[in-house]
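Asks: All I have is the shape, not the residue letters:
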């Protein structure tokens, strides 16, 4: 049920999205209320009650447990939503005591057996000014310091817990960012330290298509009785299958609760070999090989990146240009980017040159700069903050190029062309003691099943099912160590042409199988059952990511 209009204005979809209000499907409110409310005398709070979907479900649950006219409490910032919610609760046979206020202005009192709801989801870009300040102050009451990058749900989760009485339960619908983003590390630690048990329900399909965010159900029990020593994760397909009470939960014990929780979705049999290889030095974080950095930001790739034909048309001089790996990463699916590859990309009309004049401008360059000014290119933020708007800050050509937005898996490509790179890919600058080995063999060695699995764990799923890897995440991406690659160097060189051929055919599976057979031998061997577990785990995470991406369409 959508809130109606009132004298305070129309509560249309745009306004609801602005304040992070996405109304919750009945299956989720029913499931969470059943889990959280266990006695007819339980006091229940919905901290962002909106149209009271959770309060209505709570009334039904309390009446089923024997309450006659249950009273349920809510907080709602939008007056008309609070009014309509009160009517809905009355129709359900209960009474709503809803306070119209900003939840972060409400002083917490530990009175409730259950706090349930769907916190507003406002991204940090829009969550600014006084609301952000109040939210961070509210989280600090619980000793949780949130970064300036935190979205609204993070402080909301912490503040909600403070309304629970000892032993209370909190059931919330949260963005799946809880599991993976860096700014949520303090929230993850708080939950483990504060509750006796943590259960998470994960969905294969998108639950809120219009919200452009995946969700997870957080079921935290036993407030004040922590710390929890493990979490349980329960996979289910969608809201309908959720009501069948998901089974087959996976127990997961984190080394550090503040670290990412994405590993809890992986069968321990699949992650055990990786942990063994890391402890033995056979595998290592990518940062062991070198530093991963962002690429150059032009402010307008269409203006600055140009094809050879465009260069000839404009009459630009060579000294006014820089060799460039074209925008995007579709051309970086093989093991190497060579000068011949760049020339072919140029013949295909790709932007293999960066307009980057220095010193006195030629007549052609001056005309192009004037044209850019006339069309407003210089008004883009990244351009106007430069001393000379048309001089893109350069970063040195990287030894390896790392694709950071991937439909399948991240790829490392040796930059034999010595091309500069834009921020559509990352650059890996190899340490001097590993440079020769890394240039030749790390791209092929990285195409193994363990590394592919770990990419799904450390990366983030974005719109369309794309896997994104930020530089900090790439730093901790597990790849074969210099020790293992050196020991397998001859065998890796032998299969390198076959791997390159498989990649040229877009046959990633065959390439990975070749690398697995080469790497995992001797003391680095994996049994067939271990390798199958690793591959199945990676395929499950990949399929889940792609499925969620399709469910957005």
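Replies: On my side now, so go ahead. Keep in mind the model is a prediction, meaning the values are calculated, not measured.
Asks: for the stretch 151-300 of the chain, what spans make up the helices?
Replies: Taking DSSP state H, counting those that start in this stretch as the criterion, the stretch 151-300 of the chain contains helices spanning 152-161, 177-180, 185-194, 239-242, 268-280.
Asks: residue ranges with poor pLDDT in the stretch 151-300 of the chain?
Replies: 208-213, 246-248, 264-265 (pLDDT under 70).
Asks: oh, I was asking about the stretch 1-150 of the chain
Replies: Those would be 1-22, 122-132, if you go by pLDDT under 70 across the stretch 1-150 of the chain.
Asks: got the residue ranges for the helices in it?
Replies: Under DSSP H, counting those that start in this stretch, the stretch 1-150 of the chain gives helices at 13-18, 26-36, 53-64, 79-91, 129-140.
Asks: Return the most buried member of these.
Replies: helix 53-64 (a mean of 25; mean count of other C-beta atoms under 10 Å). No exception for glycine: its C-beta is placed from N, CA and C like everyone else's.
Asks: re earlier: Serialize the helices of the stretch 151-300 of the chain to TSV and add fields for distance to residue 460 and mean neighbour count.
Replies: Shown next, in TSV, are the helices of the stretch 151-300 of the chain (distance: least, C-beta to C-beta, whole Å; neighbours: other C-beta atoms under 10 Å):
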stretch	distance to residue 460	mean neighbour count
helix 152-161	16	26
helix 177-180	5	21
helix 185-194	14	21
helix 239-242	24	16
helix 268-280	18	17
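Asks: Can you lay out these as CSV showing distance to residue 496?
Replies: Formatted as CSV, the helices of the stretch 151-300 of the chain follow (distance: least, C-beta to C-beta, whole Å):
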stretch, distance to residue 496
helix 152-161, 45
helix 177-180, 33
helix 185-194, 39
helix 239-242, 45
helix 268-280, 22
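Asks: of those, which approaches residue 505 most closely?
Replies: Comparison of the helices of the stretch 151-300 of the chain against residue 505 by C-beta to C-beta identifies helix 268-280 as nearest, at 27.3 Å.
Asks: From the contact counts, what lies against the closest one?
Replies: In terms of contacts (3 or more C-beta pairs under 8 Å, 6 or more residues apart in numbering; DSSP states H and E), helix 268-280 is packed against strand 283-285, helix 449-458, strand 478-480, helix 528-551.
Asks: Show me the one of the ones you listed that comes nearest residue 140.
Replies: Residue 140 lies closest, by C-beta to C-beta, to one member of the helices and strands packed on helix 268-280: helix 449-458, at 29.2 Å.
Asks: the inter-axis angle of that closest one versus helix 268-280?
Replies: Interaxial angle, helix 449-458 versus helix 268-280 (axes from the mean of the first three to the mean of the last three C-alpha atoms, to 10 degrees): 100 degrees.
Asks: can you give me how far the helix or strand just after helix 449-458 is from the chain middle?
Replies: Heading C-terminal from helix 449-458, the first helix or strand you meet, by DSSP states H and E, is strand 460-462. With C-alpha atoms, centre = their mean, to the nearest Å as the basis, strand 460-462 stands 4 Å off its chain's centre.
Asks: for strand 460-462, which positions count as buried?
Replies: 460-461 (16 or more other C-beta atoms under 10 Å).
Asks: Next SSE downstream of it?
Replies: Heading C-terminal from strand 460-462 (DSSP H and E), you reach strand 466-468.
Asks: Centre of the chain to that following strand, how far?
Replies: With C-alpha atoms, centre = their mean, you get 8 Å for strand 466-468.
Asks: cool, and stretch 500-513?
Replies: On C-alpha atoms, centre = their mean, the centre of stretch 500-513 falls 27 Å from that of its chain.
Asks: just to revisit the earlier point, quick one: which of the helices of the stretch 151-300 of the chain is nearest residue 307?
Replies: It's helix 177-180; of those, that one is closest to residue 307 (C-beta to C-beta) at 37.7 Å.
Asks: Tell me the helices and strands packed up against that closest one.
Replies: Using 3+ C-beta pairs under 8 Å, 6+ apart: helix 177-180 touches strand 215-223.
Asks: Just checking: what are the partner strands of the strand it packs on?
Replies: strand 164-175 (antiparallel), strand 195-203 (antiparallel) (DSSP bridges).
Asks: Sort out which residues of the first one are buried, please.
Replies: Of the residues in strand 164-175, those with enough neighbours to count as buried (16+ other C-beta under 10 Å) are 164, 168-175.
Asks: what residues does that strand touch?
Replies: 24, 28, 32-33, 35-36, 38, 110-119, 121, 151, 153, 157, 160-161, 195, 207, 213-225 (C-beta atoms under 8 Å, 6 or more residues apart in numbering).
Asks: The same query, at a cut-off of 7 Å, please.
Replies: 24, 28, 32, 35-36, 110-119, 121, 153, 157, 160-161, 213-225 (C-beta atoms under 7 Å, 6 or more residues apart in numbering).
Asks: Out of the helices and strands packed on helix 268-280, the one nearest residue 339 is which?
Replies: strand 478-480 (26.4 Å).
Asks: Following element in sequence after the closest one, please.
Replies: Trace forward from strand 478-480 with DSSP H and E and the next one is helix 482-487.
Asks: Which of the residues in the helix or strand following that next one are classified as buried?
Replies: The first helix or strand that comes after helix 482-487 along the chain, using DSSP H and E, is helix 489-504. Under the neighbour-count criterion of 16+ other C-beta under 10 Å, helix 489-504 has 492, 495-496, 499-500, 502-503 buried.
Asks: try stretch 315-329
Replies: In stretch 315-329, counting by 16+ other C-beta under 10 Å, buried: 316, 320-322, 324-329.
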